[in-house]
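# Here is the input, now give the coordinates:
(one chain, ligands or ions: 1)
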Amino acid sequence: MEKCTFRTIEVKGDALVMLDQTLLPLEEKYIEAYTVEDVYDCIKRLAVRGATAIGVAGGYGMWLAAKEVLQGLSDDKPLSPEELYVVSIALDERAAYLNSSRPTAVNLSYAIGRVMDEYRRLEESLSSDKEGIARQYVTASDIINTIFDAADRIRIEDDECCMSKGEYGLTLLKPGMRILTHCNAGGLATTGFGGAFAPIYMGQERGYGFKVYCDETRPLLQGARLSSWELSKMGVDTTVICDNMAATLMSQGMIDCVIVGCDRMAANGDGANKIGTLGLAVLAKEYGIPFYMNVPTSTLDMNTKTGADIVIEQRAPEEVTELWYEKRMVPEGVKVFNPAFDVTDHSLITAVITEKGVLYPPYEESIRAVMEGDR
Ligand code: MRU
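Below is the predicted model:
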């Protein structure tokens, strides 16, 4: 199947190249990141966004960090224990820094954690010969290559995961369905085909003729600017609505199902996603419309028991008061509340689409089973 025509994140030579999503749909411009600070900045200001995309960016961000930390050391000269100690501390510091760029999507800490685990394995292989693979030494290139390979694997898995979620998600859909979506959980939010959009793209290719409604998604307009951009580019029948129109469409029988992404799902199935998702889930229940969350297993967080434990990112008031207006549209001095995500209770979610299959309630059991590899 044809891939998206854009690349959200790509490595080109020494640079991590990311599509600047703050400029879409007006400009398709790519940013070159060379340092961990560049990647932090891109994640923070949402030039790269969407749970798995920021995970992949975080992984490669650690590759850039490793290159910086090891700069000046010869590529293939063994590192002394003292040098290795300094490198370890510097990498840990940069990992914590990068991880602090956005708090809600678990994929960021998941990816940084995986990359750092690979680094630790390399480090430990110097002292341990448990599996008969003890190394005598490590070099700067060993470390850089190990971190790069780990980051690259996360990107490849994200791509494969999208395809698999697409197939499973499509089993829930029928030709001609009218689908409502929120924020952007498409190709732009991943490095592949998209999470929530993968079933839509697969159905599109197989002649399902879906009609997709995109919530504009205040305040950053991921639906109006990004989802409509990529869906229409892929030839999907796309209609943008304001967030406050969803109830009207549902009440008039114009929506057959809701599909959204997820930034962190707790072990009990409560899922954090873009602010406004909860409202849609409540409405969908009222009108008897299936509500599907698209959640790769990398977004399932077994260390978070319930949605109440999920940290919700608060963003700048200016995003609400003036970002898209010629002039400020809220009187000076008025307070603004701008949480970037909300948590949808598991009881409102009809099914969870993962790359390992579709999960149904009780989620505590189905999530545990999928994470323990029993399905
Ligand atoms: O603030 P954003 O634009 O990063 O929020 C993104 C979302 O809420 C997506 O729905 C979510 O990340 C899932 S897509 C992989």
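
# who in this structure is up against the ligand?
Contacts of the chain with the ligand, taken as CB under 6 Å from any ligand atom, map to 46, 49-52, 105, 183, 185, 189-190, 195, 222, 260-263, 273-274, 340. The C-beta positions use only the backbone N, C-alpha and C, and glycine is treated the same way.

# residue contacts, the residue lying closest to A224 once chain neighbours are set aside?
Leaving aside its sequence neighbours, A224 sits nearest to E216 (CB to CB, 6 or more residues apart in numbering; 3.8 Å). By CB atoms under 8 Å, 6 or more residues apart in numbering, E216 lies in contact with G223, A224, V240, I241, C242, D243.

# re earlier: which ones among the residues of the chain next to the ligand lie within strands?
Among the residues of the chain next to the ligand, the subset assigned to strands under DSSP state E consists of V260, N273, K274.

# domains for this structure, by residue range?
As assigned by automatic domain parsing, the chain contains the domains 9-160, 165-371.

# in the stretch 201-350 of the chain, what residue is nearest the ligand?
With CB to the nearest ligand atom as the measure, G261 is the residue of the stretch 201-350 of the chain nearest to the ligand, at 2.5 Å.

# Neighbours of that residue, how many?
For G261, the neighbour count with other CB atoms under 10 Å is 30.

# now the contacts of E216 as CSV including secondary structure?
Listed next are the contacts of E216 as CSV, based on DSSP: H, G, I helix; E, B strand; the rest coil:
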residue, secondary structure
G223, helix
A224, helix
V240, strand
I241, strand
C242, coil
D243, helix
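
# TSV please, covering the residues you listed and showing neighbour count.
Formatted as TSV, the contacts of E216 follow (neighbours: other CB atoms under 10 Å):
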residue	neighbour count
G223	26
A224	21
V240	19
I241	17
C242	13
D243	18
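
# Now render those residues as TSV, adding pLDDT.
Formatted as TSV, these follow (pLDDT from 0 to 100):
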residue	pLDDT
G223	98
A224	98
V240	98
I241	98
C242	98
D243	97
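
# could you show me where the strands are in the chain, in order?
Using DSSP E, strands in the chain cover 9-12, 15-19, 30-33, 178-181, 211-215, 237-241, 257-260, 264-266, 271-274, 291-294, 300-301, 341-344, 351-354, 357-359.

# Which positions in the second one come out as buried?
Spelled out, that is strand 15-19. Going by neighbour count (16 or more other CB atoms under 10 Å), the buried part of strand 15-19 is A15, L16, V17, M18, L19.

# Kindly reformat the residues you listed as JSON lines containing pLDDT.
Below are the buried residues of strand 15-19 laid out as JSON lines (pLDDT from 0 to 100):
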{"residue": "A15", "pLDDT": "98"}
{"residue": "L16", "pLDDT": "98"}
{"residue": "V17", "pLDDT": "98"}
{"residue": "M18", "pLDDT": "98"}
{"residue": "L19", "pLDDT": "97"}
